[in-house]
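**Student:** test case, fold it:
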Amino acid sequence: MCDFSRKQISSVFTNSTVVSVGATVLALFLGVPAAYALSRGQFREKIKCFLHSCLSNDPAILFLIPYFTVYVKLQLIDTRIGLIIINLSFTLAMSHGPCERFSMTSDRVGRGGQD
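**Tutor:** Below you'll find the model as predicted:
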């Protein structure tokens, strides 16, 4: 049986909250402008293909050794900021899709629905 005290549970809950909120805020802060640029720019097909192929299709295990090597050199092992960066690298690839569709839809509405 695990014997957690209230202080340990509070610490674990605080860490989880800080990491999840930090990764979400950074993903939105970086993803929304990127989605807007991709939806408005003339270069979007090339960039979309590149982002999709680089970020969405690769299994996470491919990034394990490079991340570990960089984290050891930067002393980010077992830190909150290190965990936020890891979470951000996987959620950022998924955050620009819905934002991009929203900005394309709002742009059409602003022009009166004309494409």
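
**Student:** show me which positions of the lengthiest helix in the chain end up buried.
**Tutor:** Among all segments of the chain classified by DSSP state H, the helix with the greatest residue count is helix 6-40. Residues of helix 6-40 classed as buried under the neighbour-count rule (16 or more other C-beta atoms under 10 Å) are 19, 22-23, 26-27, 31-32, 34-36, 38-39. Heads up, the C-betas are built off the backbone N, CA and C, glycines and all.

**Student:** cool, stretch 69-85 as well?
**Tutor:** Buried residues in stretch 69-85, defined by neighbour count with 16+ other C-beta under 10 Å: 71, 76, 82-85.

**Student:** please flag which of the residues you listed sit within helices.
**Tutor:** With DSSP H as the criterion, helices contain 71, 82-85 from among the buried residues of stretch 69-85.

**Student:** closest to Leu64 among the residues you listed?
**Tutor:** Compare each of those with Leu64 using C-beta to C-beta and the shortest gap goes to Tyr71, at 10.5 Å.
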